[in-house]
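Visitor: pasting the sequence and the predicted model now:
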Amino acid sequence: MKILFIIPPFGVRNIHGKIKVKIGFLPLIGIASLATVLKKGGYNVKVLDLQLYNYGLKELIDYVKDYSPDIIGFPLLTPLVPYVFELVKEIKRQFPVKVVLGGPHATILPEDTLGESGADYVVVGEGEYTLLDLVKELDKGQEPTRVKGLWYRDREKAVFTGKRELIRNLDELPIPSREFYEVKRYVPYPNQYRRLPTTSMVTSRGCLYGKCAFCLESVLSGHVYRRMSVAQAIEEIRYLQRDYGIREITFYDDEFVMERNWVEEFCDALKKEKIDIKWSCYARANMVTRPLLKKMASAGCWNIFYGLESGNQELLNIIKKGQKLQHMRDAIKWTREAGIEARGSFIFGLPGEIPEMALETIRFALSLDLDYGVFNLCTPYPGTILYEMCREYGNFSANSYDEYTCMKPIFLPVGYKNREQLLKMQKFGYRKFYFRLGYILKSIKRINSWSELKGHFKGLLFLIKMRALKNRGV
């Protein structure tokens, strides 16, 4: 039995379009984990990442025809719903193939996903064992009625087989094989790496905090946090260096610095075994300490991205962020003192926000002297606490799921006159942050190699290209 995973291209709005920009992403480890488990189960597996290939519908259909899979799987994120649903219907129209959907959106809205997409099955939650059991049943010609964690259609009725327990010991899963990807073709945005080739890793699942109103993780993991052993993480890094020459890793854990003892042990292991690797991660501001950051820097960490969200404490309390403004000030100060780049993201248009609060966030962002800042628009994803809150705090409307990108004003707090005012605030934030003379000079001073200069030049070309595409409505 042959299985094909198709990773949708971010930014393509319909199945006839072709991807225009092919940088800014890394391999999806979740798909690699699924594919590895299936291959170890004795099945033929391929992964087609449409982020890399300039495929229109014809090329994609030809690829499916040539490989002739028995099962096709798609990861489903909310903004990709229209594209994936349209593609599923076209594939089902042309081929006698079973289609399986999984991922965050499918887990939160499984019955809607099953009914609207035309797919045969929807995997809920962690998919490794559910998908393996499903494939085994189909391979035997059996209906998967006893496979836990699955939605399927019995005649016209949607049926759920029951919840599957979370994988408690992540070490029991095999290291996600990168054989399914052309690893060296993946290149992040120019300011997101120091050395090539680079790739991604995930060492944990879930979140110990799990209360942030805008986050899906607590819903998906049930507030259960699990992490692979340090030995397993080191083994995966060794594999990446040995087989693919990897020189840098981005850890995509929702909160890498969630267990300080684990992080300290990990850093000690990197240094003890003399592993030469640059790496970056995501962290909560109230989880880091000055000594821990120094140890991370000594073990190769060069960049930490913090979700800061707002410079107004009242708004932080509303979204249940669980940290104070002083936590953020301390974290950014200590990070920079350790020689690590400090980056942060903020959200405009949160429930309860008025324009003065947004200006307060901008002033706060400038005062932190961050190396890089992102100003997103409030996007309440289905299943989050924020999704319900936004129905009470303002005007929440979207024409389609592809507007759930953090770049479109689908939610307008009662304190704003209109969406144009919110968009102007976002543009003002970016302008104030990046067009400071001090920031520009500091960015130039940070360039200490020819490769970094080339990276910044590529970044400029990328921004110009993206601006041109946006002006053309792409």
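Guide: Perfect, thanks for sending it.

Visitor: any idea which helix or strand in the protein has the lowest mean pLDDT?
Guide: helix 450-471 (a mean of 50; mean pLDDT, DSSP states H and E).

Visitor: centroid residue for the chain?
Guide: What sits nearest the mean C-alpha location of the chain, by Cα atoms, centre = their mean, is residue 252, with 7.2 Å.

Visitor: doesn't residue 204 make contact with that residue?
Guide: No - at 9.9 Å, residue 252 does not count as touching residue 204 under the criterion of Cβ atoms under 8 Å. All C-beta atoms are positioned from the backbone trio N, CA, C, and that covers glycine.

Visitor: low-confidence ranges in the stretch 1-150 of the chain?
Guide: The model of the stretch 1-150 of the chain has pLDDT under 70 over residues 11-23.

Visitor: got the contact list for residue 28?
Guide: 7, 49, 75 (Cβ atoms under 8 Å, 6 or more residues apart in numbering).

Visitor: brain fart, residue 428
Guide: By Cβ under 8 Å, 6+ apart, the neighbours of residue 428 are residue 362.

Visitor: how about a cut-off of 10 Å?
Guide: Residue 428 is in contact with 348, 355, 358, 359, 362, 375, counting by Cβ atoms under 10 Å, 6 or more residues apart in numbering.

Visitor: next secondary structure element downstream of the helix or strand harbouring residue 281?
Guide: Per DSSP states H and E: residue 281 is located in strand 278-283. Under the assignment DSSP H and E, the closest C-terminal helix or strand after strand 278-283 is helix 290-298.

Visitor: next helix or strand past that next one?
Guide: strand 301-309.

Visitor: quick one: strands adjacent to that following strand?
Guide: When pairing is defined by DSSP bridges, strand 301-309 lines up against strand 278-283 (parallel), strand 341-348 (parallel).

Visitor: and it, how far out from the chain middle?
Guide: 14 Å (Cα atoms, centre = their mean, to the nearest Å).

Visitor: C-alpha coordinates for it, PDB please?
Guide: What follows is strand 301-309 as a C-alpha-only set of coordinates in PDB (Å, rounded to 0.1, in the frame of the first residue of the first chain):
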ATOM      1  CA  CYS A 301      21.800  29.600  20.900                       C
ATOM      2  CA  TRP A 302      21.900  32.900  19.000                       C
ATOM      3  CA  ASN A 303      18.300  33.900  18.800                       C
ATOM      4  CA  ILE A 304      15.200  33.700  21.000                       C
ATOM      5  CA  PHE A 305      11.700  34.700  19.800                       C
ATOM      6  CA  TYR A 306       9.400  35.900  22.600                       C
ATOM      7  CA  GLY A 307       5.600  36.100  22.400                       C
ATOM      8  CA  LEU A 308       5.100  39.500  24.100                       C
ATOM      9  CA  GLU A 309       1.700  40.300  22.700                       C
END
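
Visitor: could you check stretch 93-102 and say which residues are buried?
Guide: The neighbour-count check on stretch 93-102 (16 or more other Cβ atoms under 10 Å) flags 95, 97, 98, 99, 100, 101, 102 as buried.

Visitor: same check on stretch 108-115?
Guide: Applying 16+ other Cβ under 10 Å to stretch 108-115 flags 108, 109, 110, 113, 114 as buried.

Visitor: so what's the residue nearest to the centre of the chain up against?
Guide: Neighbours of residue 252 in contact, by Cβ under 10 Å, 6+ apart: 26, 28, 29, 30, 200, 201, 202, 203, 204, 280, 281, 282.

Visitor: report pLDDT for it.
Guide: Per-residue pLDDT puts residue 252 at 95.

Visitor: phi first, then psi, for it.
Guide: Phi and psi for residue 252, reported as degrees, to the nearest 10, are phi -90, psi 20.

Visitor: outline the domain layout of this structure.
Guide: 2-160, 188-435, 440-474 (automatic domain parsing).
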